[in-house]
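Visitor: A structural model of the following input is requested.
(one chain, ligands or ions: 1)
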Amino acid sequence: MSLFVVNRYLGDEEEVNISSREAHAQLLLARLQSKAKEREEQSLQRASKRTAGDSGLHDTDTHKKKKKKKKVKPTETSDVSDSVKDEDPAGDEKEKKKTKKKKKKQKEEEESLESGGEEEGGEEGGGEEGGEEGGGEVQRENQKAVVPAGFTVLGGFEKKAVQKVHRVLPHWLAQPDVIQRDIRSNLVDISQVQDISSGLLKKLRDNGVHSFFPVQAEVVPAVLQCVQQGVLVGRGGYRPRDICVSAPTGSGKTLAFVVPVVQALSKRVVCEVRALVVLPTKELAQQVGKVFAVYAEGTGLKVVMAAGQKSFAAEQASLAEQRGRTWKCLADIVVATPGRLVDHINMTPGFRLELLRFLVIDEADRMIDSMHHSWLGQVTKAVFKAGSGSEGSSVFKRSEPTHITAASLSPPQMPLQKLLFSATLTMNPEKLQQLGLHQPRLFSSTHSGPAPSAGHASTQTQERFHFPEGLTEYYVPCTLSKKPLLILHYVLHMKFCPLLCFTNSRQAAHRLYLLVKLFGGVEAAEFSSRLSSAERKHTLKNFQQGNIQLLICTDAAARGIDIEGIKCVVNYDAPQYLRTYIHRIGRTARAGKAGVAFTFLLDVQRANFLKMVKEAGSAGIQKHAVKHQLLKNMAARYELTLQELASTIKDEKDQFRIKV
Ligand SMILES: Nc1ncnc2c1ncn2[C@@H]1O[C@H](COP(=O)(O)OP(=O)(O)OP(=O)(O)O)[C@@H](O)[C@H]1O
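Guide: Just a heads-up that it's a prediction; the model follows:
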């Protein structure tokens with residue numbers, strides 16, 4: 001029994017006295033069908049109206065005005081409403097009212113026909129757009145459906161092909177002072193270069209330098225010109241321009257900075273660090289340090305190394321000494337690697353760079369790459385230390401260079417001049433910008449191909465470099481297993497000695513070294529970071545003295561190393577980068593002499609490598625195929641050696657495990 005009665009509203013159907021459920025359902029269906037028919041008729045009516053409008057039966061003006069009126073809603077952008085206002089004829093009030101009335105009537109008619117707001121909005125929009133743009137109708141409809149009211153829909157822009165952006169070099173990069181590549185036919189007698197003291201000329205002759213190579217003949221006078229009025233002020237009291245030099249490997253870049261720096265500083269009175277030479281590796285620093293020592297001898301200038309050959313404490317002692325309460329500087333020229341240099345700036349008392357006049361950056365492209373050590377920032381900070389140069393009786397102030405203005409130039413500035421050298425100097429202004437160069441001047445070798453000019457587009461995707469004139473390049477098609485046999489063939493049969501052989505890793509260098517040793521008959525040595533710096537120094541000395549026929553090395557020996565008499569370089573592993581290739585092969589054909597470079601190439605490497613070398617400006621790389629027959633008589637011994645090698649490597653690994 002229910003507590004109270006609930007009366008439910010059963011709808012209109014109740015009034016119709018229907019007994020069965022089936023009849024009820026049929027009635028509902030009939031109603032739905034009639035409603036659907038009604039809607040269909042309405043939409044047909046609208047469609048026919050629109051077609052009449054499109055085909056010109058409608059008053060187009062009215063139609064347009066209606067459109068404009070719609071746009072002048074407060075939610076629309078002011079731009080649109082302004083344009084509408086501009087188009088309305090001013091003062092034609094009657095006409096306006098008429099049109100308004102007409103539009104109102106039309107709108108009412110349309111609204112009475114509308115049954116679903118959303119559906120209608122979409123269709124109407126489509127109709128308008130369709131009348132204007134035809135093909136874009138569907139797209140526009142979709143856009144309108146998605147974009148909420150009140151926002152201006154952007155789009156309809158013409159498609160434009162994106163223009164290729166060409167590299168445009170700044171004038172100083174595009175129009176360098178040209179250095180002739182052919183050394184032998186462009187020698188300049190050393191006595192023809194002005195401002196070199198007789199003492200220095202004598203020293204040059206004593207060391208076998210009777211003529212300057214083209215790079216020296218250009219750069220030495222340019223630097224000396226900057227110190228014509230002494231090292232304290234630049235020419236005319238202005239800061240001298242920085243100098244960048246891009247010249248082939250072995251073209252004599254070292255003397256191009258050693259001679260003017262020694263000449264410029266030879267008249268200094270007080271010993272202070274006035275020249276700082278920064279190089280990427282210990283070996284290179286040592287090599288350059290030696291050249292400085294030779295030419296500074298007898299001038300009173302002190303050359304000090306800060307590259308890690310000695311202990312840090314020993315280097316500190318050679319850089320400055322304490323006298324009472326003050327520190328006395330003991331170096332005029334410091335040759336350093338970036339790491340050690342930064343350590344001395346931060347930790348060596350008395351190591352001052354406040355009177356630095358020359359900052360020489362050798363292998364500049366490599367030094368730019370190592371800029372993440374922020375060594376240059378540290379040097380700059382030390383050079384322009386607050387109050388530097390203004391202390392005591394000095395009239396020369398030194399402030400960090402900013403934009404050139406009349407005010408910034410008025411007090412005489414103690415100049416710092418940067419001298420950059422490389423065989424593969426980047427032409428990328430963004431990279432060079434990191435060096436903070438001051439009105440730089442570029443000296444560069446000529447290319448056989450067309451050089452890009454200032455403001456002109458360069459279509460070259462890869463940078464072009466300079467190859468030594470006396471170099472002949474070959475590639476040797478081979479397989480992985482044939483490579484060791486080929487290198488043995490070059491030393492034993494072809495007598496390419498002394499031969500410098502480059503691998504891509506120290507493991508590969510060591511493995512090849514072991515294999516050659518086990519094979520026998522070849523005086524071989526390895527040179528890589530596996531060895532201590534003392535061992536490396538010893539090995540280089542031995543190689544230089546001709547005690548080693550085959551030096552197997554990594555890229556640790558690729559840059560700058562100057563060993564006389566290397567007639568042949570072999571890229572046992574093809575280098576991955578063009579710069580690496582240029583520096584490796586540059587260990588031969590130095591100082592205008594002849595030399596050959598071979599690159600072993602696997603089939604998969606050939607196409608890319610040859611393309612890279614050709615694009616870089618190589619005179620041409622020739623194929624040098626070694627006949628299988630020539631290697632055949634070494635094959636049996638080689639197989640035995642491989643077995644021995646496996647057990648030797650295993651022993652080495654075991655020994656290493658015991659040590660660890
Ligand atoms: N004017 C000269 N007369 C005779 N020999 C020279 C002269 N200038 C340089 N040399 C010799 O040429 C060789 C190469 O010089 P250097 O090492 O300066 O070349 P580089 O351009 O610095 O090469 P890299 O780019 O590989 O470092 C050295 O052995 C050097 O002694």
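Visitor: please name the residues that touch the residue nearest the centre of the chain.
Guide: In the chain, the C-alpha closest to the average C-alpha coordinate belongs to Lys431, at a distance of 6.4 Å (Cα atoms, centre = their mean). Lys431 makes contacts with Ile368, as judged by Cβ atoms under 8 Å, 6 or more residues apart in numbering. No exception for glycine: its C-beta is placed from N, CA and C like everyone else's.
Visitor: again, 10 Å this time
Guide: Residues in contact with Lys431 (Cβ atoms under 10 Å, 6 or more residues apart in numbering) are 364-365, 368-369, 371, 425.
Visitor: return the subset of those residues lying in helices.
Guide: Applying DSSP state H to the contacts of Lys431, the entries found in helices are 364-365, 368-369.
Visitor: how many neighbours does the closest residue to Asp189 other than its chain neighbours have?
Guide: Nearest residue to Asp189, sequence neighbours excluded (Cβ to Cβ, 6 or more residues apart in numbering): Ser211, at 5.4 Å. By other Cβ atoms under 10 Å, the residues close to Ser211 number 16.
Visitor: likewise for Ile487?
Guide: Counted with other Cβ under 10 Å, residues neighbouring Ile487 total 25.
Visitor: is it true that it touches Leu500?
Guide: No - Ile487 lies out of contact with Leu500 (Cβ atoms under 10 Å); the separation is 11.3 Å.
Visitor: touching both of these two, which residues are there?
Guide: 550, 552, 570.
Visitor: spit out the contact partners of the first one.
Guide: Neighbouring residues of Leu550 by Cβ under 10 Å, 6+ apart: 487-488, 490-492, 496-501, 512-513, 516, 522-526, 543, 568, 570.
Visitor: Val342 versus that one, what's the distance?
Guide: Per Cβ to Cβ, to the nearest Å, Leu550 is found 37 Å from Val342.
Visitor: wait, isn't Glu321 in contact with Thr348?
Guide: No - with contact defined as Cβ under 10 Å, Glu321 does not count as touching Thr348 (11.1 Å).
Visitor: now the common contact residues for these two.
Guide: Applying Cβ under 10 Å, 6+ apart, one finds that Glu321 and Thr348 are jointly contacted by Trp327.
Visitor: who wins for neighbours among the ones in helices among the contacts of Lys431?
Guide: Ala364 (26 neighbours).
Visitor: show me which of Glu321 and Thr348 is the more surrounded one.
Guide: Set Glu321 next to Thr348 and count neighbours by other Cβ under 10 Å: Thr348 wins out with 18 against 13.
Visitor: hmm, that one is touching Ala306, no?
Guide: Yes - with contacts counted by Cβ under 10 Å, Thr348 reaches Ala306, the gap being 8.7 Å.
Visitor: what's stretch 604-619 in contact with?
Guide: Stretch 604-619 is contacted by residues 424, 445, 447-449, 460-469, 471-473, 475, 477, 571, 573-579, 581-582, 585, 599, 601-602, 620-621, 623 when judged by Cβ under 10 Å, 6+ apart.
Visitor: any residue of stretch 366-380 up close to the ligand?
Guide: No - judged by Cβ under 6 Å from any ligand atom, stretch 366-380 makes no contact with the ligand; its nearest approach is 10.8 Å.
Visitor: ends of that stretch, how far apart?
Guide: Start-to-end span of stretch 366-380 (Cα to Cα, to the nearest Å) is 19 Å.
Visitor: quick one: it to chain centroid distance?
Guide: 15 Å (Cα atoms, centre = their mean, to the nearest Å).
Visitor: just the buried residues of it, please?
Guide: Within stretch 366-380, the residues that qualify as buried are 366-368, 370, 375-376, 378-380, counting by 16 or more other Cβ atoms under 10 Å.
Visitor: enumerate every residue touching the closest residue to the ligand within the stretch 401-550 of the chain.
Guide: The ligand sits closest to Ala423 of the stretch 401-550 of the chain, with a gap of 4.1 Å, by Cβ to the nearest ligand atom. Counting by Cβ under 10 Å, 6+ apart, Ala423 makes contact with 245-251, 253, 363-365, 445, 465-468, 559-560, 579, 582-583, 586.
Visitor: at 8 Å instead, please
Guide: By Cβ under 8 Å, 6+ apart, the residues touching Ala423 are 246-249, 251, 253, 465-466, 582-583, 586.
Visitor: circling back: what's the overlap in contacts for Thr348 and Ala306?
Guide: Any residue near both Thr348 and Ala306 by Cβ under 8 Å, 6+ apart counts here, and that gives 315, 319.
Visitor: how close does the closest residue to Phe292 other than its chain neighbours get to the ligand?
Guide: Nearest non-adjacent residue to Phe292, counting by Cβ to Cβ, 6+ apart: Val303, 4.5 Å away. Computed with Cβ to the nearest ligand atom, to the nearest Å, the distance linking Val303 and the ligand is 16 Å.
Visitor: strands of the stretch 501-650 of the chain, start to end?
Guide: With DSSP state E, counting those that start in this stretch, the ranges of strands along the stretch 501-650 of the chain come out as 524-527, 550-553, 568-571, 595-601, 621-623.
Visitor: spell out which parts of this protein neighbour the ligand.
Guide: Residues of the chain that fall close to the ligand, judged by Cβ under 6 Å from any ligand atom: 208-209, 211-213, 216, 249-255, 423, 560, 562, 564, 586, 590-591.
Visitor: which of the residues you listed count as buried?
Guide: 209, 211-213, 216, 249-255, 423, 560, 562, 586, 590.
Visitor: in strands, which of the residues you listed appear?
Guide: 211-212 (DSSP state E).
Visitor: what strand or helix carries Val220?
Guide: Under the criterion DSSP states H and E, the helix or strand holding Val220 is helix 214-226.
Visitor: got the buried residues for that helix?
Guide: Neighbour counts over helix 214-226 (16+ other Cβ under 10 Å) mark 214-224, 226 as buried.
Visitor: and what of stretch 498-506?
Guide: Those would be 498-504, 506, for stretch 498-506 by 16+ other Cβ under 10 Å.
Visitor: packing partners for the longest helix along the chain?
Guide: For the chain, the helix with the greatest residue count under DSSP H is helix 21-54. Applying 3 or more Cβ pairs under 8 Å, 6 or more residues apart in numbering; DSSP states H and E, we find helix 21-54 packed against helix 93-113, helix 117-133.
Visitor: quickly run through the sheet partners of the helix or strand where Val277 lies, with directions.
Guide: According to DSSP H and E, Val277 maps onto strand 275-278. As defined by DSSP bridges, the strand partners of strand 275-278 come to strand 333-336 (parallel), strand 358-362 (parallel).
Visitor: name the residues that touch it?
Guide: With contact meaning Cβ under 8 Å, 6+ apart, strand 275-278 is reached by 257, 261, 265, 285, 288, 292, 332-338, 341, 353, 356-362, 367, 375, 379.
Visitor: if we can go back for a sec, turn the ones in helices among the contacts of Lys431 into TSV, columns for pLDDT.
Guide: Below are the ones in helices among the contacts of Lys431 laid out as TSV (pLDDT from 0 to 100):
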residue	pLDDT
Ala364	93
Asp365	90
Ile368	86
Asp369	81
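Visitor: tell me which two of those sit farthest apart.
Guide: Using Cβ to Cβ, the pair of those lying farthest apart is Ala364 and Asp369, separated by 9.8 Å.
Visitor: overlap in contacts, those two.
Guide: Here Ala364 and Asp369 share no contacting residue, scored by Cβ under 8 Å, 6+ apart.
Visitor: what helix or strand does the nearest residue to Gly298 once chain neighbours are set aside sit in?
Guide: In this structure, Gly298 finds its nearest non-sequential neighbour in Gly199, 6.7 Å apart by Cβ to Cβ, 6+ apart. Element membership for Gly199, per DSSP H and E: helix 198-206.
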